[in-house]
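# Output the structure for:
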Amino acid sequence: CLPLGPVTATPDHRAQFLVAPGAAAELPSLLYRMGWDDPTSLDLRGLGPGTHITAPPSDRGGLGPVRWLRSPALDSATKPPAARLLLGTLAYVAHRSRA
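Below you'll find the predicted structure:
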């Protein structure tokens with residue numbers, strides 16, 4: 001079972017998986033350890049300190065609404081999953097969608 005925290009969908013068809021803090025800095029090394037030699041070929045972005053997301057149900061600059069695919073629950077909002085727990089699956093899906 002893949003541990004999921006909150007997930008949003010943006011009007012530009014991106015899914016945003018909210019994970020425990022620190023994932024953005026760890027993303028390149030985590031992907032490399034999982035066998036992704038060129039993580040830049042994947043359409044995965046880690047957002048960290050100094051960045052922001054538009055939270056549902058906000059409109060994204062007139063492009064359309066951001067909505068919840070999986071809304072926050074008490075268990076996932078207070079302790080989101082570590083990125084390493086779902087990164088392998090996300091990298092595989094990102095790689096397949098680009099092919």
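# Need the residue in this protein that's farthest from the chain's center.
Relative to the centre of the chain, and counting by C-alpha atoms, centre = their mean, the farthest-placed residue is Gly62 at 22.5 Å.
# any idea how far Glu26 is from Leu18?
Relative to Glu26, Leu18 is positioned 15 Å away (criterion: C-beta to C-beta, to the nearest Å). C-beta coordinates here come from the backbone N, C-alpha and C atoms, glycine included.
# Distance check, Gly64 against Ala83.
When C-beta to C-beta is the yardstick, Gly64 and Ala83 sit 27 Å from each other.
# Which one of these two is surrounded by more residues?
More neighbours surround Ala83 than the other of Gly64 and Ala83, with 20 against 12 (other C-beta atoms under 10 Å).
# which residues does the more buried one contact?
When contacts are counted by C-beta atoms under 8 Å, 6 or more residues apart in numbering, Ala83 is found next to Val19, Ala20, Ala23, Glu26, Leu27, Leu30, Gly46.
# From Arg84, how far out is the fourth one?
Right, Glu26. Noted for Glu26: a distance of 8 Å to Arg84, by C-beta to C-beta.
# Who does the residue nearest to the spatial centre of the chain form a beta bridge with?
With distances taken as C-alpha atoms, centre = their mean, Phe17 lies nearest the centre of the chain, 3.1 Å away. Per DSSP bridges, residues listed as beta-bridge partners of Phe17: Val7.
# re earlier: and the residue farthest from the centre of the chain, which of the three is it?
Reducing the assignment to helix, strand or coil with DSSP: H, G, I helix; E, B strand; the rest coil, the entry for Gly62 is coil.
# Return the residues in contact with it.
Taking C-beta under 8 Å, 6+ apart, we find Gly62 in contact with no residue.
# Check which residues of the top helix by length along the chain are buried.
Looking only at the chain and at elements set by DSSP state H, the helix with the highest residue count is helix 84-98. Applying a neighbour-count criterion of 16 or more other C-beta atoms under 10 Å, one finds Leu86, Leu87, Leu90, Ala91 buried in helix 84-98.
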